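>>> Next comes the sequence, and after it the predicted model I'd like to discuss.
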Amino acid sequence: MARYDEDLHENPFFNTLVTKYNIMFSEAAEKKWMIFVPRADTVPRLKLNKNDFENHIFRQMAGDSPATLVSCNGKVCAISGDIMTTEQGYKEQRSVRILFEECFYNSRDESYQVFCLEQPLEGTLTDDAGAVVRMESLEDCCNYLWRDPVNDRVKKSVDSLLGFFKMERGGSLRTSMDAASAVYTRAIQEVLKIRRYQSMSQRNFCKLAVETYVMAGLHKKIFKEICFLVAHRDSTLNKISRNLTDIPPEHLGIKAQFRLSLPQAKKVLCQLNQLPSPLEKMNCLKQCVSVFTKMPLEGHFDALTADELLPILVYLVIISDIPNWHGNMAYINNFHFSRIGVEEFAYNVTSFEAAVEYISAESSQLASTDWSAMFTAVPRHYPSSNMATEKDSPVSHFFKAVSEGDVERVSTLLKQSEEEARAAKDQLCHPLCNCQHCTALEDRQMDDSHRVTVFSRDVDGRTALHIAARIGSTELVSLLVENGALVTATDHHGATPLHLACQKGHQKTVLLLLGEDSPVNAADIRGNTCLHFACSNGHKECVKALIFHKDHCDINAANGQGDTPLHNAARWGYANIVSLLLEHKASTTIQNSRTETPAQCAQSRKVQDLLFQARRKSDGELVRSVSMKMKRIQPRRKADSLSDTTERHLKKLFRAISDDDANFVRYLFGWSEEEEVDGHSGQLCHPLCVCEECTRLRKTTALGSNLTVNTSDGSGVTPVHRAAQLGRRRIMVLLVSHGATMNCKTADLLTPLHLACQYNHKDVSLPRHRVRQ
């Protein structure tokens, strides 16, 4: 379940108290009275009066019970745990839950406590006030995300991401985590397009709900592979536990009052493999433990202690008939990407881990065990105990080193990870050995979730390259790129490392990333390109780097609000950037969603003058160009022009194939989605042919491109070669259906089949497409 949170500085009740009733607020803060603030969604708009605030400021009277509070206007409330109940003086008795508390400081550095309530203690609620969101199942998360029909489009986008996901067979746990994390990040980007989920109060709920929905969708593709990775250890555990199923509970020291609840706990636990998401699995473990921790105290029964819990869990693991405990633990710990509720579930998860590990390590000593010592022990072999020790993991140290710009430390961690992998391989008897020793070594290497990689992400979906670009460390950026970091990686907000470098004004980092082919026109979830960020923050040097880059920078790109970079530069008064954009033909007439041109957004007269002058100059040039059209025509070398155009379009085509963007491939060729041409060569039948396909080819050429499905670059690489090399099956089928030659050869005499085999793309079905083997 996600813990409710909101920024009290943005709470209308708290803001009104601080501003309009400052004397009352100052007195309460000075005297350290307790201030209770209803959560923002429940505060009535424009209906607050002095009495409302007096109802929510309390002091403890001398001699009263600590659980009894008196308000500023003499009303009485009682507190029991996290429930506050109104009593004397209030119009009605109301029990309200305390969601959280925060410590604030006034101008004299004196502290005071502010408590957030689920609803006001008195009065009506807002029309849109609802209960605090509770998420314990996939159904809860789906209701939260998709209950509004308006969100159906986003749901289809997320479902499409899940449908295209493909689990790499034989990959490591780290590879699986990176792949699933990338899908989760893309899904977060889609859902955050919905305005309702962009507020801070909804952010954690959104992350947890998206994670649960994504992991439920990927469960069938991922969970089995995870179980395969730890199958050897599960097999060892199962052999031990299956031979201990007859052990009586009293032999483990389980007290009689707890034995009565064992069948109920087993029934709860047996649902573990039926639950697809980490959240539901963690709730299952929590409910199982709760069967014993929340037992009613009757007579002489005492509360459950830690020493009594562990043997109960050991017994439940033995009798649960769950064959993949290690797989479940790996899934729970390593695929809970949002990390929401970690503290809440850590006790239960680590308790079960301890039980599983103890069975494996001490199977012959179950009857005579020092349970208190066992309970505090950390599982020795299981790599995923990061639920409780995440801050001390190598990955957390890696991100800390990156954020501090410690190049040497980052390099050491990366090399250490590679050396450990090589060392593990060197310890094998031989590469094909499957003895117990070698199998154990391979298992530890394959499921090492703490292995440091350049693909690891933090809770915001950012890679190390994002952080290095944000702090402007060119050394770190170079190091990470050399180690395979992706310049195209995006965080939860869709930002690439180039976005963050432009946002912070690190020109050297921007140039370095551009040199590594970072996408200059990539947009985040709000439609902002890197140029938007640079212009919004006034970084002229970064603007120049983007505009002068070899790849065409879309200087008139509009974001989700319809604003172009010129709108942003004009709005914030950056005259030097406005001049630079205008020199490179930025449009002064584009209107945003508020029907404003850049000149109308400008808050500076100088900027307005620049824009008006550019507008007049543009209009004058248009008139002159029409009147002098014949004089301005210059002869061109057609062959050179066509060659340059083809090369430019071919580069775009190869980029689209790399991105697996079938729609852009269709766009470059001028194909419609419905169009399927079977077996056409991509060339004219004869110079005078007027068939439909030849007409289409002539039209494409007339638009300025000689690009065909069989066009090759200087090395003889055709689009189908590139698709085969990258394993782009959809694009391969598309190209073949439009006449691509499957037996063409590069300058090195390589066919598409050679490349598919070389890069181990088994799913590229070349033999079906008339290729000679």
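Looks like it arrived, so ask away.
>>> Return the residues in contact with residue 748.
715, 716 (C-beta atoms under 8 Å, 6 or more residues apart in numbering). All C-beta atoms are positioned from the backbone trio N, CA, C, and that covers glycine.
>>> please redo it, this time with the cut-off set to 6 Å
With contact set as C-beta atoms under 6 Å, 6 or more residues apart in numbering, residue 748 has no partners.
>>> So which residues of the stretch 251-400 of the chain form helices?
Taking DSSP state H, counting those that start in this stretch, the helices of the stretch 251-400 of the chain run over residues 256-259, 262-269, 278-293, 306-319, 325-334, 342-361, 371-376, 386-389, 394-403.
>>> Tell me which of those lies nearest to residue 434.
helix 325-334 (19.0 Å; C-beta to C-beta).
>>> lowest-confidence stretch among the helices of the stretch 251-400 of the chain?
Lowest mean pLDDT of the helices of the stretch 251-400 of the chain: helix 371-376, a mean of 39.
>>> Centroid-nearest residue for the protein?
residue 185 (2.5 Å; C-alpha atoms, centre = their mean).
>>> What is the burial count for the closest residue in space to it that isn't next to it in sequence?
Using C-beta to C-beta, 6 or more residues apart in numbering and skipping residues adjacent in sequence, the residue nearest residue 185 is residue 461, 4.0 Å away. Residue 461 has 23 neighbouring residues, counting by other C-beta atoms under 10 Å.
>>> Likewise for residue 354?
So residue 354, with other C-beta under 10 Å, has 23 neighbours.
>>> Could you do residue 432 as well?
That count, for residue 432 with other C-beta under 10 Å as the rule, works out to 7.
>>> Would it be right to say that the residue nearest to the centre of the chain lies in a strand?
No. Looking at residue 185 with DSSP: H, G, I helix; E, B strand; the rest coil, it is helix, so not inside a strand.
>>> Please report how far it lies from residue 457.
Residue 185 sits 7 Å away from residue 457, going by C-beta to C-beta, to the nearest Å.
>>> if we can go back for a sec, could the helices of the stretch 251-400 of the chain go into TSV alongside distance to residue 55?
As requested, these are exported to TSV (distance: least, C-beta to C-beta, whole Å):
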stretch	distance to residue 55
helix 256-259	45
helix 262-269	42
helix 278-293	35
helix 306-319	42
helix 325-334	44
helix 342-361	31
helix 371-376	46
helix 386-389	41
helix 394-403	45
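>>> Can you list the residue ranges for strands in this structure?
Counting by DSSP state E, the segments of the chain that form strands are 34-38, 57-59, 68-71, 76-80, 83-86, 95-105, 111-117.
>>> which one of the ones you listed lies closest to residue 660?
Checked against C-beta to C-beta, the stretch from those lying closest is strand 95-105, at 43.9 Å.
>>> what helices or strands is the closest one leaning on?
The helices and strands touching strand 95-105, judged by 3 or more C-beta pairs under 6 Å, 6 or more residues apart in numbering; DSSP states H and E, are strand 83-86, strand 111-117.
>>> could you say what helices and strands the longest one packs with?
In terms of contact count using 3+ C-beta pairs under 6 Å, 6+ apart, strand 111-117 is assigned the packing partners strand 34-38, strand 95-105.
>>> again with the shortest one
With contacts taken as 3+ C-beta pairs under 6 Å, 6+ apart, strand 83-86 sits against strand 76-80, strand 95-105.
>>> contacts for the last one?
By C-beta under 6 Å, 6+ apart, the surrounding residues in contact with strand 95-105 are 4, 82-85, 111-119.
>>> starting at the chain centroid, how far to stretch 278-290?
24 Å (C-alpha atoms, centre = their mean, to the nearest Å).
>>> quick revisit: can you convert the helices and strands packed on strand 83-86 into a markdown table and add a column each for mean neighbour count, mean pLDDT and distance to residue 141?
Listed next are the helices and strands packed on strand 83-86 as a markdown table, based on neighbours: other C-beta atoms under 10 Å; pLDDT from 0 to 100; distance: least, C-beta to C-beta, whole Å:
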| stretch | mean neighbour count | mean pLDDT | distance to residue 141 |
| --- | --- | --- | --- |
| strand 76-80 | 16 | 88 | 31 |
| strand 95-105 | 14 | 86 | 20 |
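>>> could you dump these to JSON lines with distance to residue 317?
As requested, the helices and strands packed on strand 83-86 are exported to JSON lines (distance: least, C-beta to C-beta, whole Å):
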{"stretch": "strand 76-80", "distance to residue 317": "36"}
{"stretch": "strand 95-105", "distance to residue 317": "35"}
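>>> With respect to residue 8, which of those lies nearest?
Of all the helices and strands packed on strand 83-86, strand 95-105 comes closest under C-beta to C-beta, at 6.2 Å.
>>> what are the pairing partners of the closest one, and which direction each?
When sheet partners are counted by DSSP bridges, strand 95-105 sits next to strand 83-86 (antiparallel), strand 111-117 (antiparallel).
>>> can you pull the buried residues of the longest one?
Going back to what we said before, that points to strand 111-117. 112, 114, 115, 116, 117 (16 or more other C-beta atoms under 10 Å).
>>> Then the first one?
Of the residues in strand 83-86, those buried under the neighbour-count criterion (16+ other C-beta under 10 Å) are 84, 85, 86.
>>> Kindly report the same for stretch 745-760.
For stretch 745-760, using 16+ other C-beta under 10 Å, the buried residues are 746, 750, 751, 752, 753, 754, 755, 756.
>>> Helices - which of the residues you listed land there?
752, 753, 754, 755, 756 (DSSP state H).
>>> Let's have those residues in JSON lines, adding distance to residue 354.
What follows is those, written out as JSON lines (distance: C-beta to C-beta, whole Å):
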{"residue": "752", "distance to residue 354": "53"}
{"residue": "753", "distance to residue 354": "53"}
{"residue": "754", "distance to residue 354": "53"}
{"residue": "755", "distance to residue 354": "50"}
{"residue": "756", "distance to residue 354": "48"}
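>>> and which of those is nearest to residue 48?
Distance to residue 48 across those (C-beta to C-beta) is lowest for residue 756, with 68.4 Å.
>>> pretty sure the closest one is touching residue 764, no?
Yes. If you go by C-beta atoms under 6 Å, residue 756 and residue 764 touch, sitting 4.6 Å apart.
>>> got any residues that touch both of the two?
Joint contacts of residue 756 and residue 764 (C-beta under 6 Å, 6+ apart) are residue 724.
>>> circling back to that earlier point, would you reformat the helices and strands packed on strand 95-105 as a markdown table and include mean pLDDT and distance to residue 216?
Listed next are the helices and strands packed on strand 95-105 as a markdown table, based on pLDDT from 0 to 100; distance: least, C-beta to C-beta, whole Å:
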| stretch | mean pLDDT | distance to residue 216 |
| --- | --- | --- |
| strand 83-86 | 90 | 33 |
| strand 111-117 | 89 | 31 |
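>>> Relative to residue 317, which of the ones you listed is closest?
That would be strand 83-86 among the helices and strands packed on strand 95-105, by C-beta to C-beta, at 35.5 Å.
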